[in-house]
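**Student:** 3D model of this:
(chains A, B, C and D)
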Number of protein chains: 2
Amino acid sequence: MDSVEVPEVVVLRLPLYVRALSQLMSESIDVVSSQQLGGLLQMTPAQIRKDLSYFGRFGKQGRGYDVRFLLHELQEILGLDREWRACLVGVGRLGRAIINYPGFYRENFRIVAAFDGDRAQVGSTIGEFNVQSMDELSDTVIDKKISIGIVAVPAQQAQNVIDVLIENNIKGILNYAPVAAKVPMNIVVRNIDPVLSLQSMTFYLRELE
Amino acid sequence: MDSVEVPEVVVLRLPLYVRALSQLMSESIDVVSSQQLGGLLQMTPAQIRKDLSYFGRFGKQGRGYDVRFLLHELQEILGLDREWRACLVGVGRLGRAIINYPGFYRENFRIVAAFDGDRAQVGSTIGEFNVQSMDELSDTVIDKKISIGIVAVPAQQAQNVIDVLIENNIKGILNYAPVAAKVPMNIVVRNIDPVLSLQSMTFYLRELE
DNA sequence: ATCTGTGAAATGATTCACAGCC
DNA sequence: GGCTGTGAATCATTTCACAGAT
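**Tutor:** Residues are numbered from 1 along each chain as shown, chains lettered A, B, ... in the order given. Okay, here's the model as predicted:
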């Protein structure tokens, strides 16, 4: 079934489908066509059908997709049918905001530990977390079955923190630091960088003035 | 010179070059090859050269690129040689974190006004901002020459807020709300959505366990 | 009558490879 | 010898268009 490698762009779009389908379910809509879904997400019906076809045949000809069924299938494909545990590294302003952000929790991502390289921070309490030193990372990752690291340290320290996370068997990194992380191929990195987003936006705005 | 349309992927990468070049400049390195830059950013030298070639011929054969010169050129191309003013809509937890985030200011993006649809918030003070009602948006956008709107309201209200921003001549939207914004073609939207990032990451992590 | 799933075609992006220059 | 800039080639993604199912 997945003998053909799924393109990464397709994987990046699946969560959009999940979100739209959740929305539809909450509106008690139980069948949706690729046409309608495309309308919601501003994309072509053909792309949606093609994307889904990498994973199976979920639709009914002449009818469309059963919302609940497709949602469950996609959640399973993405691994969203379980809880994921993450640790946060860096408890400065940004790190604190991340801890307090309720969006992760709602989608079954749990931050279960917080670390900081600054010894002055270690031992302090943030929300319900005791801030731990980086030395404790190794044991905590194992004890708490952590598979994702969230990096919220200054740019200068980011690569080092990322290296430590990888040494400790973390396979996914959500990187808020403004650096291009160097990681082995088997590590999945996602960057969150609003400044980069703005800096590419202005290219288009500039022409308008 | 730009008679051939520049692909959007290229524009999205330019800020990465800007960042790397700034870094190099701060290290007093004044010449860099596409090879070296590729090493820093984890991309191929050919891609960098091709990207830059959409905008001009910035390098010297046998030598590479003058760091300071290329940096200035790219900043100008992206419109980063000036200050950009933005307003924030939504002063909940997320909005407050955005206001306090120093990264925008450092890169010449100024948040100069804050709005909230919730009348209970209006009139309160956050940092140096007086939270304004949405009714005041129209005048303030003009007075303060705001061209970018930062949306940090709950999903439900996001499309409405975005519509209001666009009605008031905002051309760029940095959207933190978890929705696929519907906007006319001439509006530039950038989405910041860490949950989507995690949800596509888990597809790859799932296979490892 | 409607909508999926999918090969084939079209379009878009990346990489190659080398002429030309320093 | 080293490096850019760039057409050409390759590779990837999107869109088309239609057979087949309900």
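**Student:** which one's the longest helix in chain A?
**Tutor:** helix A:8-26 (DSSP state H).
**Student:** just list what that one packs against, helices and strands only.
**Tutor:** helix A:34-41, helix A:45-53, helix A:67-78, helix B:194-206 (3 or more CB pairs under 8 Å, 6 or more residues apart in numbering or on different chains; DSSP states H and E). Any C-beta I mention is one placed from the backbone N, CA and C, and that applies to glycine too.
**Student:** and DNA strand D, which of these is closest to it?
**Tutor:** Closest to DNA strand D of those is helix A:45-53 (CB to the nearest atom of the strand; 4.0 Å).
**Student:** show me which residues of the closest one are buried.
**Tutor:** By 16 or more other CB atoms under 10 Å in any protein chain shown, the buried positions in helix A:45-53 come out as A:48-49, A:51-52.
**Student:** state which strand of chain A is the longest.
**Tutor:** Scanning chain A for the strand with the most residues, using DSSP state E, yields strand A:109-116.
**Student:** contacts for whichever helix or strand comes after it?
**Tutor:** Per DSSP states H and E, strand A:109-116 leads on to strand A:125-126 as the next helix or strand towards the C-terminus. Applying CB atoms under 8 Å, 6 or more residues apart in numbering or on different chains, the contact partners of strand A:125-126 are A:91, A:95-96, A:99, A:114, A:131.
**Student:** quick one: mean pLDDT over strand A:125-126.
**Tutor:** What strand A:125-126 shows for mean pLDDT is 94.
**Student:** after it, which helix or strand is next?
**Tutor:** strand A:129-133.
**Student:** and that next one, how far out from the chain middle?
**Tutor:** Centre-to-centre, strand A:129-133 and its host chain are 23 Å apart (CA atoms, centre = their mean, to the nearest Å).
**Student:** now do that strand: which elements does it pack against?
**Tutor:** Going by 3+ CB pairs under 8 Å, 6+ apart, strand A:129-133 lies up against strand A:109-116.
**Student:** hmm, the strand it packs on touching chain B?
**Tutor:** Yes. Applying CB under 8 Å from any CB of the partner chain, one finds that strand A:109-116 is in contact with chain B at residue A:109.
**Student:** show me what counts as buried in that strand.
**Tutor:** For strand A:109-116, the neighbour count (16+ other CB under 10 Å) marks A:109, A:111-116 as buried.
**Student:** of those, closest to DNA strand D?
**Tutor:** residue A:109 (25.4 Å).
**Student:** got the contact list for that closest one?
**Tutor:** Residues touching residue A:109, when contacts are defined by CB under 8 Å, 6+ apart, comprise A:83-84, A:86, A:148, B:195, B:198.
**Student:** now the residues you listed as JSON lines including neighbour count?
**Tutor:** Supplementary listing: these in JSON lines, determined by neighbours: other CB atoms under 10 Å in any protein chain shown:
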{"residue": "A:83", "neighbour count": "11"}
{"residue": "A:84", "neighbour count": "23"}
{"residue": "A:86", "neighbour count": "22"}
{"residue": "A:148", "neighbour count": "25"}
{"residue": "B:195", "neighbour count": "17"}
{"residue": "B:198", "neighbour count": "26"}
